[in-house]
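Chemist: Predicted coordinates and the sequence they were generated for:
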Amino acid sequence: MQQQLTDVRERMIVALDFSSMDDVKQCLDRLQGHIRYVKVGMELAYAEGPAIVAFVKEKGLKVFVDLKVHDIPNTAKGAMKSLARLGADMVNVHAAGGVAMMAAAREGLEQGTAAGAARPLLIGVTMLTSTGLQTMNQELAIPGAVEDVVLHYAMMTKRAGLDGVVASPLEVPMIKKAAGDSFVTVTPGIRPRGTDQGDQTRITTPEQAFRLGSDYLVIGRAITGASDPAGVWQSIVAAIEADRSQQAFTREGMERNDDEHNG
C-alpha cells in the first residue's frame with residue numbers, strides 16, 4: 001500500500017506510554033493540532049480504565065487500544081465484545097493464541113460493535129519487536145528464523161479473518177507479498193535518526209518503515225519523552241516528506257531514461 005503524503009499523519013500512532021491521566025493531558029496539550037492517532041497500552045489502561053479511551057476520543061483522536069488479548073477463545077471473545085463498546089478504532093490479540101482464539105475475538109468484536117458503526121480494526125501480534133533470535137529459540141523454545149515464525153503467524157491471522165498484524169517494518173515486504181497489499185501492517189520498533197534504540201531489536205527509521213510498505217507506524221518515547229515533542233513530530237514528518245520527494249524524483253528520472261532508451 002502506497003500512502004499519499006496527506007495521509008502520513010493519519011498513519012503515525014503516538015504511544016501514550018504513561019501511568020496517569022495527568023501525564024496524558026500534559027503530553028496531548030503539547031502535541032495538540034499535530035497528532036491524529038494515539039495508542040493506549042497496558043500501563044495506561046490498567047491505571048485509568050475505560051475513561052482514558054473516552055478522554056482521547058473526546059479530543060478528536062483515533063485510538064488503538066493495545067491490550068494484546070491472549071486467552072481461551074470464549075474469554076477472548078468476551079474481551080473483544082467489551083472493547084468494541086469503548087469506541088476504539090483498533091484493537092489486537094496475540095497470534096500465538098491460535099486461529100480459533102483469533103476467530104472468536106473477531107466474532108466478539110463484531111457482536112460488540114453498535115449497529116451502523118464501523119467495526120474496529122483487529123490485528124494480530126506476531127513477534128514482539130523486542131524479541132530477537134536467541135530469545136525466541138532458547139527462551140521461548142521456538143525453532144527457526146524470526147522471519148519464518150512471523151510469516152507463519154501472519155498467515156494464521158489472515159486465516160482467522162483478522163485485518164492485519166503487528167510486526168517489525170523489516171518484515172512488512174514478505175508479509176505483503178504473502179498476504180496481499182490490503183492486509184494491514186502496524187509497525188512498532190520505529191526510531192527516528194539519532195534516537196536511542198531502547199529495548200527494541202528489529203527497528204527502522206520512520207521513512208524506512210513507510211518505504212518498506214508499513215501502513216501504520218507506532219512511535220512512543222522518541223516523541224513523548226522529548227523536551228519538544230511537537231518539534232520532534234514535525235521533524236519526523238519533514239524527514240518522511242523529504243524521503244518521498246527523493247523517491248519520486250528518482251522514479252521520474254528512471255522512467256525518463258527508460259523512455260529515451262526505448263525511443
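Modeler: Received, thanks.

Chemist: which stretches of the protein have low pLDDT?
Modeler: 1-6, 193-202, 248-263 (pLDDT under 70).

Chemist: center of it - which residue?
Modeler: Val186 (2.9 Å; C-alpha atoms, centre = their mean).

Chemist: Run through the residues that contact it.
Modeler: By C-beta atoms under 8 Å, 6 or more residues apart in numbering, the contact list for Val186 reads 13, 64, 90, 92, 123, 164-167, 214-216, 218. For every residue, glycine as well, the C-beta is placed using N, CA and C.

Chemist: List the beta-bridge partners for it.
Modeler: Beta-bridge partners for Val186, by DSSP bridges, are Val166, Tyr216.

Chemist: now the helices for this structure?
Modeler: 21-31, 42-48, 51-58, 73-84, 99-112, 133-134, 146-159, 172-179, 206-212, 221-224, 229-262 (DSSP state H).

Chemist: With mean neighbour count as new columns, can those be given to me in CSV?
Modeler: Below are these laid out as CSV (neighbours: other C-beta atoms under 10 Å):
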stretch, mean neighbour count
helix 21-31, 16
helix 42-48, 16
helix 51-58, 16
helix 73-84, 20
helix 99-112, 21
helix 133-134, 12
helix 146-159, 20
helix 172-179, 18
helix 206-212, 22
helix 221-224, 21
helix 229-262, 13
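
Chemist: Touching, Thr224 and Val24? I think so.
Modeler: No - Thr224 is beyond contact range of Val24, at 9.6 Å (criterion: C-beta atoms under 8 Å).

Chemist: list residues touching both of the two?
Modeler: What both Thr224 and Val24 touch, as defined by C-beta under 8 Å, 6+ apart, is the set Leu16, Phe18.

Chemist: wait, isn't Ile190 in contact with Phe210?
Modeler: No - the pair Ile190 / Phe210 is not scored as a contact, 9.9 Å apart, by C-beta under 8 Å.

Chemist: between the two, what contacts are shared?
Modeler: With C-beta under 8 Å, 6+ apart as the test, Ile190 and Phe210 both reach Leu217.

Chemist: Now do the contacts for Ala114.
Modeler: Ala84, Arg85.

Chemist: how about a cut-off of 10 Å?
Modeler: Applying C-beta atoms under 10 Å, 6 or more residues apart in numbering, we find Ala114 in contact with Ala84, Arg85, Gly87.

Chemist: before we move on, the earlier item: reformat the helices of the chain as a markdown table; add distance to Ala118.
Modeler: Below are the helices of the chain laid out as a markdown table (distance: least, C-beta to C-beta, whole Å):
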| stretch | distance to Ala118 |
| --- | --- |
| helix 21-31 | 24 |
| helix 42-48 | 21 |
| helix 51-58 | 14 |
| helix 73-84 | 11 |
| helix 99-112 | 11 |
| helix 133-134 | 38 |
| helix 146-159 | 20 |
| helix 172-179 | 22 |
| helix 206-212 | 24 |
| helix 221-224 | 27 |
| helix 229-262 | 26 |
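
Chemist: Mind checking those helices for the one nearest to Arg9?
Modeler: Arg9 lies closest, by C-beta to C-beta, to one member of the helices of the chain: helix 229-262, at 6.7 Å.

Chemist: Might one say that Thr205 is in contact with Asp243?
Modeler: Yes - the pair Thr205 and Asp243 passes the contact test of C-beta atoms under 10 Å, sitting 8.8 Å apart.
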